[in-house]
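J.: The sequence and its predicted three-dimensional model are supplied below.
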Amino acid sequence: MTEIFDVVDQSDQVIGQATRTEVHGNPSLIHRTAHVLVFNSQNKLYLQKRSMNKDIQPGKWDTSVGGHLDAGETYLEAAFREMKEELGITPDKLEFLHKYIHGNDVETEFVSTYQCSWDGGIVIEKSEIDEGRFWDLTEIDKRIPEGLFTPNFVDELKRYRANGQQK
């Protein structure tokens, strides 16, 4: 099945649609993504290790949940859908954190980030995630120089802290 995404302008207004293949490889086609930072009651952050089959950043540790919005979908709808699909979880609520544009040589995304607390079970989607676990933020900081994490996640963590949302 071909995934269709809304293409947006610098103000996040829909200006068209394109396939996943078209937006991955053309940074001028800005599309939408939802991220969720999942913390447990010990303030540890859940990270997922991207499948080696992913077309972007395979095998790297990444944000708890992240996924493109389908055409016509809201950021919040996508965040809840992705949490269910990737981790098998359905928290009662999500707290909005921030929204920004993230770009690289492959793509440009409008990202809307949320956070939630979760102490229940997690069942990862094996086709997208090789493994997952909760990390202490100091461990993440120590290991960033090793190149274990996606650049998108490192950027996300900096934004999280810059906005005073440090747990």
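T.: Here it is on my side, so go on. Residues are numbered from 1 along each chain as shown.
J.: What's the separation between the one residue sitting closest to the centre of the chain and S51?
T.: In the chain, the residue lying closest to the centroid (Cα atoms, centre = their mean) is G66, at 2.5 Å. Shown here: G66 relative to S51, a distance of 13 Å by Cβ to Cβ, to the nearest Å. (Glycine included, C-beta is placed from N, CA and C.)
J.: List the neighbouring strands of the helix or strand containing the residue nearest to the centre of the chain plus their orientation.
T.: Assigned by DSSP states H and E, G66 falls within strand 65-68. Note on strand 65-68: by DSSP bridges, its sheet partners are strand 30-39 (antiparallel).
J.: Which is the succeeding secondary structure element to the helix or strand F80 falls within?
T.: In this assignment (DSSP H and E), F80 forms part of helix 75-87. Counting by DSSP H and E, the element after helix 75-87 in chain order, helix or strand, is strand 95-103.
J.: That next one: which residues count as buried?
T.: 97, 102 (16 or more other Cβ atoms under 10 Å).
J.: who's in contact with that strand?
T.: 10, 12, 27, 30, 33, 37, 75, 108-116, 152, 155, 159-160, 163, 165 (Cβ atoms under 8 Å, 6 or more residues apart in numbering).
J.: hmm, which of these are the buried ones?
T.: Buried members of the contacts of strand 95-103, counted by 16+ other Cβ under 10 Å: 30, 33, 37, 75, 108-116, 152, 155, 159-160.
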